[in-house]
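J.: Test case, fold it:
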Amino acid sequence: MTETVDATDGSARPTLAFVGAGRAGSALALGLHSAGHRIVAVHSHTPRHAARLAEATGAVVAPTAAQAARQAAITFATVPDSQIVAVAATIAASGMPLRGRALVHCSASSGPEVLAAARITGASLGAFHPLQALAGPQSARLLRGTTFTIEAAEPLVASLHALASDLGGHVLHVPPGSRGLYHAAAVLAGNAPLVLLARATTLLEDAGVEPAQAHRGLVALLAGAASNALEAGPTAALTGPVMRGDAATVARHLDVLAADPGTRELYRRLGLEVVALAGLDGREQVADTLAAVVPGRPHRVGPSMVAHPRVA
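T.: Below you'll find the predicted structure:
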């Protein structure tokens, strides 16, 4: 049997292990390591990932998930959602006793129940999800101030709250029955802006702008919008022609996007969402302009598009 280490690092902080050394796992491990936590073991199906993360955090590479879990007070299963149940089952099948230790997954969509197979080991079970875009080691810095959702029983829940606190984080309570909506919200906020960024970058490239310059300029714009939303909320952060009620400019945009129906429809639908968020008052002509476009048909700017009264 693998030799174990103490469950705390000498400062009453729990020792940590990671099963999974991919994008999320490496970022979380490095973030907690930078916050002063001791990572003692790493296991991954990809040996080079485990070796790289172990070297970066001063951990050892464990040959199995169960042996990684045996060496730490809290083991994070930072694997894809579809593999969490299998990790728990593998640890359970090992027969490794884990009483007094914990197994925690980092999925947004499930609670601790997906780890139920591991109860036979005596381990406590939990869920610890960072509401952050973790895309590898370079993302570790983003964990500072991140919001976390945590689900576990005492005393594990207190330990997980302490980990979030050590990262300067905030804890968001999501009722167990609402995890689907929580996950959908996270996906929408974390991915939709990137799709829009890619579409906008393509438009600038089509306009003759060099790709790197287009990307740099639009990323700065996106970051500015996010910063404004952080300070004042999404409605107050809105800018642009829809917000100003500038129907003529919106009509011109729909015209120049006629050659790309998919992007034009995306612009139209999002424009209507801006109207809904900002309110219709003063934006009636913009709403009419956007609503008048029939997907799949050409759109041309004409005087009636910018001067007609709103049709009820």
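J.: If you rank every helix and strand of the chain by mean pLDDT, what lands last?
T.: Each helix and strand of the chain was given a mean pLDDT (mean pLDDT, DSSP states H and E); the minimum falls on helix 303-307 at a mean of 33.
J.: residue contacts, Val275?
T.: Contact analysis of Val275 by C-beta atoms under 8 Å, 6 or more residues apart in numbering lists 242, 283, 286-287, 290. Glycine gets a C-beta too; all of them are placed from N, C-alpha and C.
J.: ok, now Tyr267?
T.: The neighbourhood of Tyr267, defined by C-beta under 8 Å, 6+ apart, consists of 253-254, 257.
J.: what about the closest residue to Thr235 other than its chain neighbours, neighbour count?
T.: Distances taken as C-beta to C-beta, 6 or more residues apart in numbering place Leu277 nearest to Thr235, at 5.7 Å, with adjacent residues excluded. Applying other C-beta atoms under 10 Å, we find 12 other residues in the vicinity of Leu277.
J.: Sort out which residues of the helix or strand that contains Leu277 are buried, please.
T.: For Leu277, the host element (DSSP states H and E) is helix 261-278. Of the residues in helix 261-278, those with enough neighbours to count as buried (16 or more other C-beta atoms under 10 Å) are 263-264, 267-268, 271, 274-275, 278.
J.: correct me, but Ala117 touches Val85?
T.: Yes. Because the distance of 7.0 Å satisfies C-beta atoms under 8 Å, Ala117 is recorded as touching Val85.
J.: Helices of the protein, start to end?
T.: If you assign secondary structure with DSSP state H, the helices in the chain sit at 23-34, 47-57, 65-70, 81-93, 156-166, 179-206, 211-232, 234-237, 241-244, 247-256, 261-278, 284-292, 303-307.
J.: Turn the ones you listed into JSON lines, columns for distance to Ala133.
T.: Conversion of these to JSON lines gives the following (distance: least, C-beta to C-beta, whole Å):
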{"stretch": "helix 23-34", "distance to Ala133": "9"}
{"stretch": "helix 47-57", "distance to Ala133": "19"}
{"stretch": "helix 65-70", "distance to Ala133": "26"}
{"stretch": "helix 81-93", "distance to Ala133": "16"}
{"stretch": "helix 156-166", "distance to Ala133": "17"}
{"stretch": "helix 179-206", "distance to Ala133": "5"}
{"stretch": "helix 211-232", "distance to Ala133": "11"}
{"stretch": "helix 234-237", "distance to Ala133": "18"}
{"stretch": "helix 241-244", "distance to Ala133": "26"}
{"stretch": "helix 247-256", "distance to Ala133": "29"}
{"stretch": "helix 261-278", "distance to Ala133": "21"}
{"stretch": "helix 284-292", "distance to Ala133": "30"}
{"stretch": "helix 303-307", "distance to Ala133": "39"}
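J.: give the contact list for the closest residue in space to Arg99 that isn't next to it in sequence.
T.: When the adjacent residues along the chain are set aside, Arg99 lies closest to Gly122, with 3.2 Å between them (C-beta to C-beta, 6+ apart). For Gly122, the contacting residues are 97-101, by C-beta under 8 Å, 6+ apart.
J.: thinking again about what came up before, columns neighbour count, pLDDT and distance to Ala12 on top of the contacts of Tyr267, output as a markdown table?
T.: Conversion of the contacts of Tyr267 to a markdown table gives the following (neighbours: other C-beta atoms under 10 Å; pLDDT from 0 to 100; distance: C-beta to C-beta, whole Å):
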| residue | neighbour count | pLDDT | distance to Ala12 |
| --- | --- | --- | --- |
| His253 | 20 | 97 | 59 |
| Leu254 | 23 | 96 | 62 |
| Leu257 | 19 | 96 | 59 |
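J.: Of these, just say which sits nearest to Ala59.
T.: Leu257 (51.2 Å; C-beta to C-beta).
J.: Was I right to think the closest one contacts Thr263?
T.: Yes. The pair Leu257 and Thr263 passes the contact test of C-beta under 8 Å, sitting 5.5 Å apart.
J.: on that earlier part again, got a quick ChimeraX command for the buried subset of the contacts of Gly122?
T.: Applied in ChimeraX, the following selects the buried portion of the contacts of Gly122 according to 16+ other C-beta under 10 Å:
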select :98,101
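J.: So which of the contacts of Gly122 is the closest to Phe18?
T.: Lowest distance from Phe18 to the contacts of Gly122 (C-beta to C-beta) belongs to Arg101, with 13.9 Å.
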